[in-house]
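Chemist: with the input below, show me the fold.
(chains A and B)
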2 protein chains.
Amino acid sequence: MTSAALYALDWGTTSARAYRMDTRGAVLEARSAPLGIAQVDDGRFHDALLRLLGDWQHERAPRLACGMIGSRQGWVETPYVACPARLPDLAAGIVRAPEGDLCVVPGVRTRDANGIPDVMRGEETQIAGGVDEREERVLAVLPGTHSKWALVESGRIVDFATFMTGEIWGVLLAHSILGRLAVKADPEAGPGPGFARGVARGLGAGNLAHDMFGARSLALLGELPGEEVADWLSGVMIGREVRNSRTWAQRHGYDGARVRLIGDDRLVARYAQALAHADVAVERADSRAAAYGLWRIAVEVGIVDELR
Amino acid sequence: MTSAALYALDWGTTSARAYRMDTRGAVLEARSAPLGIAQVDDGRFHDALLRLLGDWQHERAPRLACGMIGSRQGWVETPYVACPARLPDLAAGIVRAPEGDLCVVPGVRTRDANGIPDVMRGEETQIAGGVDEREERVLAVLPGTHSKWALVESGRIVDFATFMTGEIWGVLLAHSILGRLAVKADPEAGPGPGFARGVARGLGAGNLAHDMFGARSLALLGELPGEEVADWLSGVMIGREVRNSRTWAQRHGYDGARVRLIGDDRLVARYAQALAHADVAVERADSRAAAYGLWRIAVEVGIVDELR
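Modeler: Residues are numbered from 1 along each chain as shown, chains lettered A, B, ... in the order given. Coordinates of the predicted model:
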């Protein structure tokens, strides 16, 4: 068996993934478990770490984690590195957990023209894995519960913006009047025709708190089948996110004609469809960008060379 | 005791209000009960009506209701009258409930330039009570779970738009990450300083799904006290509603420099503050506009004269 050069952990709120990696940054093996920080009781993170690693825990190799494990609700609070954030800045911000020989990557923060801050945790590592330092300008999009749009220049995260698209969508369907006329669709199926209709609506100008109510009035008047309500709403929100982010990127000197999608395959496919509708060209990063980013940070900080 | 000319019922989702009115449209007495349509089980609306009226049920006078009682989930489904909707159109759309000698006012629907419909139920009656037919152009604002902005010309509802501001605010605080750093403030107190800060943010351009996340990052970085999170978020949402609605009204030929606020005192005060911040002049309608609107519709339809 090839010996491991690094154990890379992508440790989020709901789930945790571990990657056994070789000296070149390739993934030898991957594991995941429902051991996100919200699932770990009473601060028993060391136990969770050992359960996630399983028999890997006996192999001597550095361990590096990113994500919400480094938040105030996680195991060890790491700082937020200010934008523009380079790989050496992330490496310099690493904090060691109290047990388990685990190092944790910091988050990144920025501040907009009005002084309102924004934060990310985990996405900085996915960006480090999904964008090459030789690329001059990349508009990176990381779909998720809290989607991130980031301006990346020669490997530096220059600025970014968070969109609560995924969370607002889920919460409104579960708890608001919009969910009442929605019929649950097959979660394995891709987006239905309602999605494209919603995207068309979202790509126009408008107020989101108004436009989302369209799901209710359309369904009420029999113009949107219950099975399409969730997709229509998702389309409106993703479409509006695309529209407003493109404007934001253009204000920062990007042409907004091309983006790099990084993340979970199913969500990436949904965003790719919305972006195609807006005539934005899409490149897709490897879905294991977090693992490769952790490996790059480990090399930068010297912990991979150290023990090899 | 002055005899009643009309029993006017404002019957919504969570509560029901009844007004005993005289021949001139003045409220002689008012009652309310937590008998909104969501509180009535198994379609027992007739029982609910009698409980709401109490001893008033023995007096012979016409009974007219508006609001969600006329929805599909209510007692009797009334149609949606299309915009432009005049008082005679509302009168013509009235439907009689199967029992209890109760007539129910229809809702109103509209359709925007993209063909997306919008609907109201109850607000058409508040507008009938809060806007005089001799007024040429009034931009009416009805704050609520689903706020409505309506263009009213010589008493006709020409067009309107719904904003889910109140519901999204409540659902996100209760069920999303935004609620986690929020500390419950005294519900009796007016908005704190976070509200004005949020309004300033909301009056700017931006994406609501992004801007709302500011409540999280500000609180996380210690720049917004937990007690102010709910007010900040409310300010952002109301501010953005004001900004976008004004643009919408201006596109329809209104100057957007003056609005008529109709509804619940506490919410109206909050909107008045946000509107003042945006240099919009505010007039306030009587908070019992629904009762007066029902009386006007009753006169129009002839049921008040009929039995007098």
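
Chemist: is it fair to say A:E228 lies in a strand?
Modeler: No. Judged by DSSP: H, G, I helix; E, B strand; the rest coil, A:E228 forms no part of a strand; its state is helix.

Chemist: run a quick neighbour tally on it.
Modeler: A:E228 has 23 neighbours, counted by other CB atoms under 10 Å in any protein chain shown. In this view, the C-beta of every residue, glycine as well, is placed from N, C-alpha and C.

Chemist: what's near enough to touch it?
Modeler: Contacts were defined as CB atoms under 8 Å, 6 or more residues apart in numbering or on different chains; by that measure A:E228 touches A:A185, A:G192, A:P193, A:G194, A:R197.

Chemist: if you rank the residues you listed by neighbours, which is first?
Modeler: Of all the contacts of A:E228, the highest neighbour tally under other CB under 10 Å goes to A:G194, namely 24 neighbours.

Chemist: state the helix or strand in which A:V242 lies.
Modeler: Using DSSP states H and E, A:V242 maps to helix A:229-251.

Chemist: mind listing what A:A128 touches?
Modeler: A:L87, A:L90, A:G155, A:Y292, A:G293, A:R296, A:I297.

Chemist: any idea which of those residues is the one closest to chain B?
Modeler: Closest approach to chain B among the contacts of A:A128 (CB to the nearest CB): A:L90, at 18.7 Å.

Chemist: spatially nearest residue to the residue sitting furthest away from the middle of chain A, not counting backbone neighbours?
Modeler: Centroid-distance maximum for chain A: A:L221 at 36.6 Å, with CA atoms, centre = their mean. Nearest non-adjacent residue to A:L221, counting by CB to CB, 6 or more residues apart in numbering or on different chains: B:P117, 5.3 Å away.

Chemist: neighbouring strands for the helix or strand following the helix holding A:V242, and are they parallel or not?
Modeler: Note on helix A:229-251: by DSSP H and E, the next helix or strand toward the C-terminus is strand A:258-261. When sheet partners are counted by DSSP bridges, strand A:258-261 sits next to strand A:138-142 (parallel), strand A:281-284 (parallel).

Chemist: hey, what's A:C66 bridged with?
Modeler: When assigned by DSSP bridges, A:C66 has beta-bridge partners A:D10.

Chemist: any idea how far it is from A:G93?
Modeler: Remark: distance between A:C66 and A:G93 (CB to CB, to the nearest Å) = 11 Å.

Chemist: ok, these two, which is more surrounded?
Modeler: Between A:C66 and A:G93, counted using other CB under 10 Å, A:C66 has the larger neighbour count: 32 against 21.

Chemist: list the residues that contact that one.
Modeler: A:9-11, A:104-105, A:121-122, A:124-125, A:290, A:293-294, A:297.

Chemist: turn those into CSV, including neighbour count, secondary structure and distance to B:W232.
Modeler: Below are the contacts of A:C66 laid out as CSV (neighbours: other CB atoms under 10 Å in any protein chain shown; DSSP: H, G, I helix; E, B strand; the rest coil; distance: CB to CB, whole Å):
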residue, neighbour count, secondary structure, distance to B:W232
A:L9, 27, strand, 34
A:D10, 25, strand, 32
A:W11, 28, strand, 30
A:V104, 26, strand, 30
A:V105, 30, coil, 30
A:R121, 24, coil, 22
A:G122, 26, coil, 25
A:E124, 29, helix, 26
A:T125, 30, helix, 30
A:A290, 30, helix, 32
A:G293, 30, helix, 33
A:L294, 31, helix, 35
A:I297, 28, helix, 34
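
Chemist: list the buried residues of stretch A:22-37.
Modeler: Neighbour-count burial for stretch A:22-37, counted by 16 or more other CB atoms under 10 Å in any protein chain shown, picks out A:G25, A:L35, A:G36, A:I37.

Chemist: oh sorry, the question was meant for stretch A:190-206
Modeler: Using 16+ other CB under 10 Å as the test for burial, stretch A:190-206 gives A:191-192, A:194-203, A:206.

Chemist: so where does A:A200 fall, helix or strand?
Modeler: helix A:193-202.

Chemist: and for the next helix or strand after that helix, what's in contact with it?
Modeler: Sequence-wise, the next helix or strand downstream of helix A:193-202 (DSSP H and E) is helix A:208-211. Around helix A:208-211, the neighbours that count as contacts under CB under 8 Å, 6+ apart are A:201-202, A:236-237, A:240, B:116, B:161-165, B:168, B:207-209, B:237, B:240-241, B:244.

Chemist: after helix A:208-211, next one along is what?
Modeler: helix A:214-220.

Chemist: can I take it that A:K184 is in a strand?
Modeler: No. A:K184 is assigned coil when assessed by three-state DSSP, not a strand.

Chemist: next, the contact list for it, please.
Modeler: A:A230.

Chemist: how much space between it and A:P143?
Modeler: 21 Å.

Chemist: could you do A:S176 as well?
Modeler: Distance, A:S176 to A:P143, by CB to CB: 22 Å.

Chemist: who has more neighbours, those two?
Modeler: Neighbour count, other CB under 10 Å: between A:S176 and A:P143, A:P143 has more, with 25 against 22.

Chemist: now the closest residue to A:G190 other than its chain neighbours: which helix or strand?
Modeler: Sequence neighbours aside, A:A269 is the residue nearest to A:G190 in space, at 6.8 Å (criterion: CB to CB, 6+ apart). Counting by DSSP H and E, the element that carries A:A269 is helix A:265-277.

Chemist: so that helix versus helix A:193-202, what angle?
Modeler: Orientation check (axes from the mean of the first three to the mean of the last three CA atoms, to 10 degrees): helix A:265-277 against helix A:193-202 gives 50 degrees.

Chemist: tell me who's in contact with A:G293.
Modeler: Shown in contact with A:G293 (CB under 8 Å, 6+ apart): A:C66, A:E124, A:T125, A:Q126, A:I127, A:A128, A:G129, A:G130.

Chemist: and with 7 Å instead?
Modeler: The contact partners of A:G293, taken as CB atoms under 7 Å, 6 or more residues apart in numbering or on different chains, are A:T125, A:Q126, A:I127, A:A128, A:G129.

Chemist: how about the third one, secondary structure?
Modeler: In this case it means A:I127. Note that with three-state DSSP, the state of A:I127 is helix.
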